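Peer 1: Sequence plus the predicted model coming up.
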Amino acid sequence: MTPRTLSFLLALPALALALLACGDSGGGTADTTQSDTTTTDTAVTDTAVTDTAVTDTAVTDTAVTDTSEDTVPNDLGFTIRYPQSHTIPCPALAPEFPIEDLVTPDADWLCTFDYGAASGYVYIRATPTSCVVSFSGTPVYEDCAGWIALDGVVSPVTAAGYDWGGNHHNDSLTFTWDGERFDLDHSSFGWGWRACQNPDCVVVRDGAGAILEDGCTKERTLPAVCQRIGTDGTWGSFEDTFEPCAGDPNYQ
């Protein structure tokens, strides 16, 4: 037996004791401490409801835009409408000369009225209904009505009308009241026989159309002041600022 073999046999008892001390089948108890079983953080994810406040649904302003049924406040006693614009088709002079549609507002007027013992105001409301063409398209007003206000009392007049006055725009107003016809016209015409201001005088006629009094001569014996009502419901002053038109041969 060699010395190396003898050393091995002598070491066996010590080795056996060491195995009994650390083996898991001997008298020692294996580490049975419970593994960390702390519950994983299960706090509920933030589920606060997203802001669901209703979007601002304030109703858009639906106030009705002024229409022809609305009335203009005034101290004259009339029920005055806001004039509206209208698109009126114009006939073509020929197929190769078409005319564009005419866009024009109502021709509504307020005029002073002084005749005999009567003094007040006249309101004439004229709506364009068609178009005539010569050099250009001009409106025709066949839908008209009128009223007269005397001493705070408003009464309808008959045969109310408004004439555009052709290409020169020498316009005039007319109505019948108390059995007589009244034409609100011009007392002065300038270069090319063109009026330079609103109707400024009155011609009185009988029922047949014969002139009873011509207040539209150079002397302007029956003066009047007429103001067209704007689409915004406003009109000019009733101060009489008449001046002869430049080029009027009656004032040369």
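Peer 2: Great, that's in hand. Every value quoted in this text rests on a predicted model; they were computed, and no experiment measured them. Residues are numbered from 1 along each chain as shown.

Peer 1: In terms of pLDDT, where does residue 100 sit?
Peer 2: The confidence metric pLDDT takes the value 82 at residue 100.

Peer 1: now swap in residue 34 and tell me
Peer 2: Per-residue confidence (pLDDT) for residue 34: 38.

Peer 1: max-length strand in this protein?
Peer 2: For the chain, the strand with the greatest residue count under DSSP state E is strand 118-133.

Peer 1: so for that one, what's the average pLDDT?
Peer 2: Regarding strand 118-133, the rounded mean pLDDT is 96.

Peer 1: which secondary structure elements does that strand contact?
Peer 2: Contact analysis of strand 118-133 by 3 or more Cβ pairs under 8 Å, 6 or more residues apart in numbering; DSSP states H and E lists strand 85-88, strand 102-105, strand 107-115, strand 137-150, strand 153-163, strand 172-177 as its packing neighbours. (C-beta placed from N, C-alpha, C; glycine too.)

Peer 1: and those as JSON lines, adding mean neighbour count and distance to residue 225?
Peer 2: Formatted as JSON lines, the entries for the helices and strands packed on strand 118-133 read as follows, by neighbours: other Cβ atoms under 10 Å; distance: least, Cβ to Cβ, whole Å:
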{"stretch": "strand 85-88", "mean neighbour count": "13", "distance to residue 225": "25"}
{"stretch": "strand 102-105", "mean neighbour count": "16", "distance to residue 225": "21"}
{"stretch": "strand 107-115", "mean neighbour count": "20", "distance to residue 225": "5"}
{"stretch": "strand 137-150", "mean neighbour count": "18", "distance to residue 225": "15"}
{"stretch": "strand 153-163", "mean neighbour count": "16", "distance to residue 225": "16"}
{"stretch": "strand 172-177", "mean neighbour count": "21", "distance to residue 225": "12"}
